[in-house]
Every structure is written in structure tokens, then in C-alpha cells.
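Colleague: Here you go, sequence then predicted model.
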Amino acid sequence: MTQNDASGFIRALSCALLLSGCSSSTPPQEDAAMETAAQHDAQRNDQATASEGGALNEAGSSEAGSDLLADSSVQPSTGALRWAKAAGSDSAQAATDVASLVGGGSVVVGRFEDDVTFGAGEPGAIGLSLGEAVQGTFIARYDGVGRVIWAKAGQVNAGTAPVVTVTTDGGFVMAGLCRDGAAIGTVALPVCQAFIARYLDDGSLVWAKALKATAAPYRSNLAIAADTTGGFYLAGRTDRSFVAHYDKSGAEDWVRAVGASSYVFPRLAAHAEGTVTVVGGFEGTMTLGEGEPEETTLTSVGDNDLFVARYASSGVLLHAQRVAVDDMPYRGVSLPGRVYSMDVTSAPNGGSVLAGTYSGIVTFGPGHPAETKIQSENTVPFAVYFKADGAPGWAQTYPSPTGEIENVRAVAVDADGSIRMAGDWDSNGKAGAFLASYEESGVVQWEHRMNAVGSIGYSVALGQGGSTTMVGQFWNTTVFGENETNETTLISPAGQPSIFLARYD
């Protein structure tokens with residue numbers, strides 16, 4: 001395969017795995033629906049003071065005072081690579097979500113085909129095999145220096161991007177898509193469209209369950225976040241987007257429809273007081289919280305608009321609003337307005353931060369006294385802060401210092417208010433995964449780019465002391481922390497996509 005052929009194949013694979021499609025050069029596919037992002041927001045404390053949003057400035061950002069700053073005494077992250085580890089085999093693999101643990105460890109989930117080895121060449125290496133099955137999931141526990149502690153496999157018979165969250169009792173819940181005949185550990189799931197599974201910290205499987213069957217197939221992977229009681233929230237999409245709450249035993253407490261047909265699929269963030277924020281795309285008219293005191297009807301203009309909704313732990317709607325995404329007049333032509341990828345996380349002060357990539361004009365809180373806009377003729381990263389009451393605060397476009405960032409797939413906010421974004425980039429024939437840290441004002445604190453076509457950062461999690469763990473996939477030879485003290489070169493076997501796990505200070 002030529003370099004151009006390989007680039008085209010890898011790009012097509014990346015688009016198929018991306019929940020909201022690729023940027024303007026590749027139309028999003030309705031049924032592609034294969035991306036994840038980190039959703040571990042119940043672990044991020046609500047501590048800061050909010051301030052009012054501002055008007056659009058010439059740089060395309062809304063200026064305001066700091067809404068995110070939680071603790072000015074926190075030592076800023078340097079972004080230096082601490083270590084990078086690989087896992088894989090001679091077939092396709094990817095790590096799709098990660099959560100940080102108290103003590104510095106991590107729990108990682110992902111997908112693999114046939115077999116996979118964690119910690120190859122190190123003491124305690126662990127191999128997993130699917131036997132006669134072809135497509136499976138894994139969940140693996142790592143310590144703070146990147147050594148694998150245990151790893152478990154599931155046979156799901158479907159391409160999926162599983163997600164994971166850490167519950168308040170220290171256990172883990174994994175969720176993903178599946179097909180009939182699936183099995184998680186020793187639990188058979190003969191009828192299966194999507195599953196949830198709970199593990200203890202030692203890797204013991206507590207239970208695994210298939211979600212209720214739906215008439216329409218799942219058109220997105222799932223998003224997950226732990227609540228404050230040992231349960232968890234789940235979001236996804238069949239014919240409509242939904243958010244649901246499950247208790248510690250995996251029993252469904254409630255489910256709410258939160259979005260009509262759209263190319264952008266739902267993300268969620270849980271907050272310390274037990275509420276949950278859900279974001280996603282919609283088109284047409286939809287009513288949220290029907291029959292409740294805060295019942296809200298939203299109407300989109302076109303098929304590119306987003307919604308932002310917050311629910312109480314009981315499932316009662318607290319507030320909801322539309323995000324308008326419009327085309328941008330530019331030099332006599334109309335440039336398409338679109339949000340291409342996104343993620344949401346809880347902020348240290350009880351609000352939430354939505355981040356992604358966009359082009360055109362995006363209006364947050366249209367008609368609200370604090371209405372805020374951003375605009376760009378190019379595809380660039382953005383972030384917007386929403387207060388706990390749903391009012392938009394600041395919004396910011398984040399230019400990349402070294403090239404175009406095409407897909408922001410994961411976001412996290414540190415205790416000092418800095419914003420981490422992970423995903424993949426493509427510029428001038430070069431491409432790969434990226435991890436960046438930004439100040440709220442848009443200043444780039446540091447940025448890492450893995451210059452390897454096909455490498456993707458799928459998820460990011462913050463740990464103690466401001467450390468950042470990114471997971472994803474890489475192809476061929478990929479250098480992490482280039483020209484740094486801990487520079488690490490990873491090589492994928494047989495030219496297949498392999499798993500990476502990297503920790504940065």
C-alpha cells in the first residue's frame with residue numbers, strides 16, 4: 001500500500017470510529033458512530049467562583065474573568081512525558097477510555113481482535129485471547145508507573161469503543177456495544193445490543209448485563225459517568241439520543257429522551273452534587289422535561305444545532321438550551337457551520353466545559369442576556385463554559401501553534417483551571433494524535449503531537465499532582481515525548497493499530 005493509500009485507509013477508519021464524523025473534508029456518516037471520550041467527571045471537584053460572559057471579540061472569543069480557577073496554589077502541569085506503554089498483537093487494537101485512580105494508577109478499556117498482550121517483554125505480562133470469537137473488549141488495571149496489574153476480556157462480536165467510570169466504592173463500570181452471543185467474563189449475553197459490567201478493584205467481575213433491547217439499533221457508542229451513590233449515568237443513541245441512570249446493581253432507575261436525529265451524538269458529565277449535564281445534536285423540534293416545571297421546547301435551524309441540558313439525580317430537568325451553529329459569510333461565499341467532534345466535562349466550580357472542533361459561527365445561549373459567540377473560517381478547537389444554572393460564561397477558540405487540529409475527542413479541566421484536550425490532527429500531509437493544555441484565555445501552555453499517521457488520542461484523564469494520562473491507538477513507529485528526557489518510541493506489530501497509554505507530568 002502506498003503512503004497515500006495508507007493515509008486514505010487510515011483516515012476512513014478514523015472517521016468510522018469518530019462519533020460525530022470527520023471535519024469538512026469528509027462528510028460525517030450517520031451510522032459510523034464509533035468514538036468515545038473520557039467521562040469521569042464525578043471525580044472533579046466543584047470549587048471555583050463563576051463570572052459573567054462577554055461579547056465576541058475580534059479573535060472570535062468571548063472574554064470574561066476566570067470561571068475555572070479553583071486553586072491558585074496548585075503546581076501547574078509541565079506536560080513532560082513520564083512514560084509511554086504499548087499493548088497489542090498482529091491484529092487491530094485500540095484503547096478507547098481511561099480513568100485515573102487514587103494512588104496514581106489507571107483503569108483502561110478498549111477493543112481488540114483475536115488476541116492482545118499487555119506488558120509484553122516485562123515481568124507480569126498478560127495475554128488475552130478471544131478463542132473462536134473475532135471482536136472483543138478489554139479492561140485493564142495499571143499502576144502509577146505503567147505496569148499492568150490485571151486484564152480481562154469480553155467477547156462482544158461487534159466493533160465498539162467501550163467506556164469506563166470509577167464508582168464511589170472504588171470499583172469500575174464498563175459499557176459498550178455488542179451483538180447476540182456475547183459474553184463478558186463467564187456471563188453469557190445471548191441477546192445483546194449494548195452491555196454494562198461492574199468490576200472490583202482486583203478485577204473480579206461482579207455482574208454483567210445486556211441493556212434493554214430497542215427497536216432501532218444503537219447508532220453511537222455510549223458515554224458514562226459515575227454518580228455520588230455508587231450508581232452511574234449512561235448516554236447513547238438509537239433512533240433518539242437518551243440519558244439514563246442505573247443503580248449500583250445495574251438496575252435502570254430512569255431514562256429520558258434528550259435529542260432527535262442528528263449527526264452529533266450525546267456526551268455527559270456528572271457533577272459533585274449528583275446532577276448530570278448532557279450535550280448532543282438535534283434537528284427539528286424537541287421537548288425536554290415534558291410535564292415538569294422546567295419543561296423546555298427547543299427548535300433547531302438546520303441539522304447542525306446542539307443542546308445542553310442538566311438533570312437532577314431523580315431525572316427531573318433543571319434547565320436546557322439550544323446552541324446555534326450557523327454558516328459564516330466569508331469573501332463572498334458561505335462557509336459551512338458545523339461542530340465536528342466534542343466532549344463535555346464538569347468544571348471545578350459546579351459548571352461544565354464543552355469542547356470540540358468547529359467552523360462557522362457558534363452561538364451559545366441565543367437570546368440569553370449572556371449570549372456568547374465564537375467564529376472561525378477554519379476547523380479549530382473551541383471550549384465554552386456553562387455555569388451551574390445553564391447560563392453561558394466565556395467561549396474561546398484555541399488556535400494550534402503547529403498545525404490544524406481536526407478532532408478534539410476528549411476534554412478535562414484541572415484544579416488550576418487549565419484545560420486538557422486530546423484527539424488527532426492532520427496538516428500538510430502529516431497526521432497523528434495530540435495532547436494539549438490551554439489556559440482559559442486561549443494561551444497554549446504545552447502541546448504534544450505524535451507525528452504518525454493513524455495515531456489517535458481517544459481519551460484523557462487527570463491524576464494526582466496535575467498528571468495527565470492519554471490513551472488511544474498508534475500505527476507503525478510512534479515517538480512520544482520527542483527530544484525529552486523520557487522520550488519513548490513505540491512500534492506496533494505487523495503494521496496493525498496498537499494500544500498506547502502515556503502519562504505526562
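Modeller: Good, I have the coordinates.

Colleague: so where is the stretch 1-150 of the chain shaky, pLDDT-wise?
Modeller: Per-residue confidence for the stretch 1-150 of the chain (pLDDT under 70) gives these ranges: 1-76.

Colleague: As a check, name the ranges of all helices in the protein.
Modeller: 3-17 (DSSP state H).

Colleague: For Asp389, the count of nearby residues, please.
Modeller: Neighbouring residues of Asp389 were enumerated by other Cβ atoms under 10 Å; the total is 11. C-betas here are computed from N, CA, C, even on glycine.

Colleague: One more: the one 5 residues further on?
Modeller: The number of residues packed near Trp394 is 27, by other Cβ under 10 Å.

Colleague: what does Glu122 give?
Modeller: Counted with other Cβ under 10 Å, residues neighbouring Glu122 total 12.

Colleague: now Ser241
Modeller: Other residues lying near Ser241 total 28 when counted by other Cβ under 10 Å.

Colleague: again with Leu318
Modeller: Burial of Leu318, expressed as a neighbour count using other Cβ under 10 Å, amounts to 18.

Colleague: Then the one 5 residues further on?
Modeller: Using other Cβ under 10 Å, the number of residues around Val323 comes to 24.

Colleague: same deal with the one 10 residues further on?
Modeller: Summarising burial for Val333: neighbours were counted as other Cβ under 10 Å, giving 9.

Colleague: what sits opposite it in the beta ladder?
Modeller: The partner list for Val333 in beta bridges (DSSP bridges) reads Tyr330.

Colleague: and it, how far is that from His368?
Modeller: If you measure Val333 against His368 using Cβ to Cβ, to the nearest Å, the figure is 30 Å.

Colleague: what do you get for Thr277?
Modeller: When distance is defined by Cβ to Cβ, Thr277 is 16 Å away from His368.

Colleague: neighbour-wise, which of these two wins?
Modeller: Neighbour count, other Cβ under 10 Å: between Thr277 and His368, Thr277 has more, with 30 against 15.

Colleague: Pretty sure the more buried one sits against Ser352.
Modeller: Yes. Between Thr277 and Ser352 there is a contact under Cβ atoms under 8 Å: 4.6 Å.

Colleague: any common contacting residues for the two?
Modeller: With contacts defined as Cβ atoms under 8 Å, 6 or more residues apart in numbering, the residues adjacent to both Thr277 and Ser352 are 269, 271, 308, 310, 344, 346, 386.

Colleague: Bridged to the third one, which residues?
Modeller: In this structure, Val308 has the following beta-bridge partners (DSSP bridges): Val279, Gln321.

Colleague: do the first one as well
Modeller: Taking DSSP bridges, one finds Thr277 as the beta-bridge partners of Ala269.

Colleague: By mean pLDDT, flag the weakest helix or strand of the chain.
Modeller: The weakest-scoring helix or strand in the chain, judged by mean pLDDT, DSSP states H and E, is helix 3-17 (a mean of 35).

Colleague: which residues sit in contact with the closest residue to Trp150 other than its chain neighbours?
Modeller: The shortest distance from Trp150 to any residue that is not its chain neighbour, by Cβ to Cβ, 6 or more residues apart in numbering, is 4.0 Å, and that residue is Gly203. Contacts for Gly203 were tallied using Cβ under 8 Å, 6+ apart; they are 139, 141, 149-152.

Colleague: Which residue is most remote from the mean position of this structure?
Modeller: Distance from the C-alpha centroid of the chain peaks at Gly332, with 36.1 Å (Cα atoms, centre = their mean).

Colleague: Got the confidence number for that one?
Modeller: Note on Gly332: pLDDT of 82.

Colleague: Check the gap between it and Gly495 for me.
Modeller: For Gly332, the distance to Gly495 under the criterion Cβ to Cβ works out to 46 Å.

Colleague: same check, this time on Leu130
Modeller: Noted for Leu130: a distance of 21 Å to Gly495, by Cβ to Cβ.

Colleague: partner residues bridging Gly136?
Modeller: Listed by DSSP bridges, the beta-bridge partners for Gly136 are Phe112, Gln155.

Colleague: State whether it and Ala151 are indeed in contact, as I suppose.
Modeller: No. In this structure, Gly136 is not within contact of Ala151 by Cβ under 8 Å, at 11.5 Å.

Colleague: any shared contact partners between the two?
Modeller: Listed contacts common to Gly136 and Ala151 are Leu128; contacts here mean Cβ under 8 Å, 6+ apart.

Colleague: quick one: which of these two has more around it?
Modeller: More neighbours surround Gly136 than the other of Gly136 and Ala151, with 29 against 21 (other Cβ under 10 Å).

Colleague: Contacts only, for the more buried one.
Modeller: With contacts defined as Cβ under 8 Å, 6+ apart, Gly136 is in contact with 111-113, 128, 130, 153-156.

Colleague: want to try CSV for those, with distance to Asn378 as columns?
Modeller: Rendered in CSV, the data for these read as follows (distance: Cβ to Cβ, whole Å):
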residue, distance to Asn378
Arg111, 32
Phe112, 36
Glu113, 36
Leu128, 42
Leu130, 42
Ala153, 42
Gly154, 41
Gln155, 43
Val156, 38
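
Colleague: What is the nearest of those to Gly302?
Modeller: When the contacts of Gly136 are compared for distance to Gly302, the smallest value, 33.6 Å, is given by Arg111; criterion: Cβ to Cβ.

Colleague: Now do the residue nearest to Trp150, the pLDDT please.
Modeller: According to the model's per-residue confidence, Gly203 sits at a pLDDT of 97.

Colleague: tell me the pLDDT at Pro329?
Modeller: Note on Pro329: pLDDT of 89.

Colleague: my bad, Phe265
Modeller: In this prediction, Phe265 carries a pLDDT score of 78.

Colleague: I'd like the average pLDDT over the longest strand that the chain contains.
Modeller: Using DSSP state E to assign secondary structure, the strand with the most residues in the chain is strand 372-386. Mean pLDDT, computed over strand 372-386, is 92.

Colleague: Pull up the pairing partners for it, direction included.
Modeller: Partners of strand 372-386 in the sheet, by DSSP bridges, are strand 352-364 (antiparallel), strand 392-397 (antiparallel).

Colleague: Could you take those strands and lay them out as JSON lines, with extra columns for distance to Thr299?
Modeller: JSON lines is the format used below for those (distance: least, Cβ to Cβ, whole Å):
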{"stretch": "strand 352-364", "distance to Thr299": "14"}
{"stretch": "strand 392-397", "distance to Thr299": "19"}
